[in-house]
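>>> Dropping a prediction and its sequence here:
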Amino acid sequence: MPPEPETSLPPTFRRIAWSNLAAQLSEQMALAAAPLVAVLRLGAGAAETGLLQTAQTLPFLLLSLPAGVMADRASRRRLMVGSEALRALSLVAVLVLAAQGGLTLPVLAALGFLGALGTVCYSVTAPALVAALVLRDQLAAANRWLELARSIAYAAGPAVGGAIVGWTGAPAAYALATGLSLAAVVLLAGLPDHRATAGSRRHPLHDLAEGAAFAMRHPLLRPILGTAVVFNIAWFVLQAVYVAYAVQRLGLTAGGIGMTLGLYGAGMVTGALLAPRLSRRLTFGAMVAIGPFAGLCASAAMLLTLWLPTGVLAGLGFFLFGAGPVLWTISTTTLRQVVTPAALLGRVSALVMTATFGARPVGAAIGAWVAGRFGVEACLAVSAAGFMVQVLVISASPVPRLRHLPEAA
């Protein structure tokens, strides 16, 4: 499927793209600054920072589905503006309290939860709004730009946030994050309004069930959802133990670990940049399948470190973990936007987010149990087995055999 020239993307999408970049950078900088503030300023230990991370990620699991219902009932522009404004407000509150000496760990966690609530609503609503404002043949290009922005934010945001905290202190990092978030609000406020349906009077549980039933019965969406769940479980089995494994078995320093993790973001940027060229040479189904197969190759590289303990193989694995799955995200988001009726798109996107984010703590718990019972090395084998399963799930479906995007719903 040859993509439309990206210069033809409408001005309304460009506002979304720039707002997305600003919002993603703001989020990643704040996520990097929060544990540093907790440790350096509030004296938090490992358990406290773990609870802080839980507070900052819990809304993705608990509130994605209600946010999806809102996205299919309310004005999507207003929902995105309000959610980003809520996140900006949480950042301002941290900034003010830090300046006045009134910041405590529970307050930081509560404000992190509030900011993540805004991120959830933004993330669920964005695919539905993009699908309403961009032509069908432009969706792949639009999603590529959004994923490229996310990749840049993942690669640069934590580094910038951490550096600013180290150089000038937490207030400067939160001030920059707040400014970026407010810029996203201004950009979003200039978008045309869009409402999927007139306000439904049905019970929200009925709407949730309707979205879930559509996704689970669809022959293309069901295996994509299953693959994503298994991928995230396997990925977080590895994530749960990687730092300990890198120090104990690979002999990496903190700088070496940071470099291997940084290659994940570099891989995301590389994959997003290569997406247009690959889409001109591969079928749509092959573009989707690259992600799971790249994950399997990456896990094999990590598994090889048991016999060849070197950071080079670990870095190669993280690069592949970034480069392949970003192609999966671009392609599957486009497919979901095309095959899902507009009135259901918010709920279906929310279901995908809930399933994938919900799988992550499951994977981390499995990793912790396996490491405690059988050793850190066993986690690499369990993770590799999971990546093999997700390849089998998608390979057994009709998705890899798609030559083009299917007809729109």
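Structure received.
>>> now the helices for the stretch 301-409 of the chain?
For the stretch 301-409 of the chain, the helices defined by DSSP state H, counting those that start in this stretch occupy 311-339, 345-374, 376-395.
>>> Tell me where this protein has helices.
Counting by DSSP state H, the chain has helices at residues 11-40, 46-62, 64-73, 76-100, 105-133, 139-168, 170-189, 204-217, 221-248, 254-281, 284-304, 311-339, 345-374, 376-395.
>>> Any idea which of those gets closest to residue 406?
Checking the helices of the chain against residue 406 by C-beta to C-beta gives helix 311-339 as the closest, at 5.9 Å. Quick note: C-beta positions are derived from backbone N, CA and C, even for glycine.
>>> so how far is that closest one from its chain's centroid?
Averaging C-alpha positions (C-alpha atoms, centre = their mean, to the nearest Å) puts helix 311-339 11 Å from its chain's average.
>>> got a list of contacts for stretch 396-408?
1, 136, 140, 219-220, 222-224, 283-286, 288-289, 334-335, 338-339, 394 (C-beta atoms under 8 Å, 6 or more residues apart in numbering).
>>> swap in stretch 262-274?
144, 147-148, 150-152, 154-156, 159, 315-316, 318-327, 330.
>>> same question, stretch 219-233
214-216, 288, 291-292, 295, 325, 332, 335-336, 339-340, 348, 351-352, 355-357, 359-360, 362-363, 366, 386-387, 389-390, 393-394, 396-399, 402, 406.
>>> Just the buried ones from those residues?
Buried members of those, counted by 16 or more other C-beta atoms under 10 Å: 214-215, 288, 291-292, 295, 325, 332, 335-336, 339-340, 348, 351-352, 355-357, 359-360, 363, 366, 386-387, 389-390, 393-394, 397, 399, 402.
>>> tell me what the helix or strand of the chain with the lowest mean pLDDT is packed against?
None of the helices or strands of the chain scores lower by mean pLDDT, DSSP states H and E than helix 46-62, at a mean of 72. The helices and strands touching helix 46-62, judged by 3 or more C-beta pairs under 8 Å, 6 or more residues apart in numbering; DSSP states H and E, are helix 11-40, helix 105-133, helix 345-374.
>>> Nearest to residue 75, out of the ones you listed?
Here helix 105-133 is closest among the helices and strands packed on helix 46-62 (C-beta to C-beta), at 9.7 Å.
>>> got the angle for the closest one vs helix 46-62?
30 degrees (axes from the mean of the first three to the mean of the last three C-alpha atoms, to 10 degrees).
>>> Can you spell out which helices and strands pack onto helix 105-133?
On a contact count with 3+ C-beta pairs under 8 Å, 6+ apart, helix 105-133 meets helix 11-40, helix 46-62, helix 64-73, helix 76-100, helix 139-168, helix 311-339, helix 345-374.
>>> Include distance to residue 231 and mean pLDDT when you put the helices and strands packed on helix 46-62 into JSON lines, please.
Output for these, formatted as JSON lines (distance: least, C-beta to C-beta, whole Å; pLDDT from 0 to 100):
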{"stretch": "helix 11-40", "distance to residue 231": "21", "mean pLDDT": "85"}
{"stretch": "helix 105-133", "distance to residue 231": "18", "mean pLDDT": "86"}
{"stretch": "helix 345-374", "distance to residue 231": "8", "mean pLDDT": "82"}
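>>> Distance check, the residue nearest the centre of the chain against residue 326.
Per C-alpha atoms, centre = their mean, the C-alpha nearest to the average position across the chain is that of residue 150, at 7.9 Å. The gap separating residue 150 from residue 326 is 8 Å, by C-beta to C-beta, to the nearest Å.
>>> what do you get for residue 353?
For residue 353 relative to residue 326 (C-beta to C-beta), the value is 16 Å.
>>> Which of the contacts of stretch 396-408 are buried? Put it as a PyMOL command.
To isolate the buried ones among these in PyMOL, judged by 16+ other C-beta under 10 Å, type:
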select buried, resi 1+140+220+223+224+284+285+286+288+289+334+335+338+339+394
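>>> can you tell me which residues contact the nearest residue to residue 99 once chain neighbours are set aside?
Distance criterion C-beta to C-beta, 6 or more residues apart in numbering; nearest residue to residue 99, sequence neighbours excluded, is residue 171 at 5.9 Å. The neighbours of residue 171, taking C-beta under 8 Å, 6+ apart as the test, are 95, 98, 99.
>>> Spell out which residues make up each domain of this protein.
1-194, 203-404 (automatic domain parsing).
>>> lowest-confidence stretch among these?
Mean pLDDT values for the domains of the chain show the minimum at domain 1-194, a mean of 82.
>>> so what's residue 92 closest to, chain neighbours aside?
Setting aside the residues directly before and after it, residue 92 is nearest to residue 178 in space (C-beta to C-beta, 6+ apart), at 5.6 Å.
>>> Let me know whether the one you found touches residue 88 as I believe.
Yes: Residue 178 lies in contact with residue 88 (C-beta atoms under 8 Å); the separation is 5.8 Å.
>>> shared neighbours of those two, anything?
residue 26.
>>> Can you tell me how far residue 318 is from residue 31?
Counting by C-beta to C-beta - residue 318 and residue 31 are separated by 18 Å.
>>> more neighbours, those two?
Neighbour tally, residue 318 and residue 31, criterion other C-beta atoms under 10 Å: the higher count belongs to residue 318, 24 against 20.
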